[in-house]
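coordinates only, sequence not included:
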């Protein structure tokens, strides 16, 4: 794990990376076909034209490419941060450098105070999970992209990084749908997501949403009422 407060060189990180993902005793070995999957995924994501003034729209398209290319991931692998290190390095390194205009050394900076590391700490994993949480069976990926485009990076952080003991997909979709149709403007929606997800995390210390009187719909209603959003 890279937690020490010093700067890894690109070469140093590459050496550590190889140790983690190779060797007889490595617990991070994945199916043999993954190499081919990642190779194809790299071609697909790098074909997306970078839009400097539309960064979130760009992120949404990358999220779709990641989800479609890795939609058969098991929950165990999708929850493995080491796996996303591999995706970020093997598949997304050039995209991350273009997206944030950073050098490999800054991208791999282990200092917690480094802003670049904060922004890119799990770019691929966060996008994949946010798309997965917004996507519903029976709906097209374009439908999911339309939902994602109504929010922003701040929404992604509020939802994906405030997971608690895991993700409750139905609950998150219900919260986002209510906020999306609340009539609030763009900035208002961002503030609502942040506050609702924060309160939701606090409530789930003592409440199981699925067992809430009236079900998930009533649970979300009361979340919004508590924050005076209704």
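Okay, I see it. Note that the structure is a prediction, hence the values are computed from the model and not measured. Numbering: from 1, shown residues only.

Extract the residue ranges of the protein that are flagged as low pLDDT.
With pLDDT under 70 as the threshold, the chain has low-confidence stretches at 1-33, 101-121, 162-165, 230.

So which residue is smack in the middle of it?
residue 126 (1.3 Å; CA atoms, centre = their mean).

which one is that one nearest to, not counting chain neighbours?
residue 160 (4.9 Å; CB to CB, 6 or more residues apart in numbering). In this view, the C-beta of every residue, glycine as well, is placed from N, C-alpha and C.

Touching, that neighbour and residue 129? I think so.
Yes - with contacts defined as CB atoms under 8 Å, residue 160 counts as touching residue 129 at a distance of 5.1 Å.

neighbour-wise, which of those two wins?
residue 129 (23 against 20; other CB atoms under 10 Å).

thinking the more buried one is in contact with residue 167, fair?
Yes - proximity of residue 129 to residue 167 meets the contact threshold set by CB under 8 Å, at 7.1 Å.

Which other helices and strands does the lengthiest helix in the chain contact?
The longest helix of the chain (DSSP state H) is helix 186-203. Other helices and strands packing on helix 186-203, by 3 or more CB pairs under 8 Å, 6 or more residues apart in numbering; DSSP states H and E, are helix 153-160, helix 169-180, helix 215-226.

ok, now which ones touch the closest residue in space to residue 55 that isn't next to it in sequence?
The spatially closest residue to residue 55, leaving aside those adjacent along the chain, is residue 99, at 6.9 Å (CB to CB, 6+ apart). Contact criterion CB atoms under 8 Å, 6 or more residues apart in numbering gives 50, 55, 58-59, 120, 123 as the residues in contact with residue 99.

Sort out for me which of those residues are in helices.
55, 58-59, 120, 123.

Most widely separated two among these?
By the measure CB to CB, 58 and 120 form the most distant pair in the ones in helices among the contacts of residue 99, at 14.1 Å.

Looking at these two, which is more packed in?
Neighbours were counted for residue 58 and for residue 120 using other CB under 10 Å; residue 120 has more, 23 against 18.

okay, now the domains of the chain?
In the assignment given by automatic domain parsing, the structural domains of the chain cover 1-135, 150-230.

Out of the ones you listed, flag the one nearest residue 143.
Each of these was checked against residue 143 via CB to CB, and the shortest separation belongs to domain 1-135, namely 8.3 Å.

one step back: for the domains of the chain, give me CSV that also has distance to residue 144.
Supplementary listing: the domains of the chain in CSV, determined by distance: least, CB to CB, whole Å:
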stretch, distance to residue 144
domain 1-135, 4
domain 150-230, 10
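
and the closest residue in space to residue 153 that isn't next to it in sequence, how many neighbours?
Nearest residue to residue 153, sequence neighbours excluded (CB to CB, 6+ apart): residue 56, at 5.9 Å. By the other CB under 10 Å criterion, the neighbourhood of residue 56 contains 15 residues.

and the gap between residue 56 and residue 154?
As for residue 56, its distance to residue 154 is 9 Å (criterion: CB to CB, to the nearest Å).

Kindly report the same for residue 50.
For residue 50 relative to residue 154 (CB to CB), the value is 21 Å.

neighbour count winner among those two?
Relative neighbour count places residue 154 above the other of residue 50 and residue 154, with 15 against 12, counting by other CB under 10 Å.

hang on, isn't the more buried one packed against residue 193?
Yes - using CB under 8 Å as the test, residue 154 is close enough to residue 193 to be in contact (7.5 Å).

any chance of the helices and strands packed on helix 186-203 in TSV, plus distance to residue 37?
TSV is the format used below for the helices and strands packed on helix 186-203 (distance: least, CB to CB, whole Å):
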stretch	distance to residue 37
helix 153-160	22
helix 169-180	24
helix 215-226	35
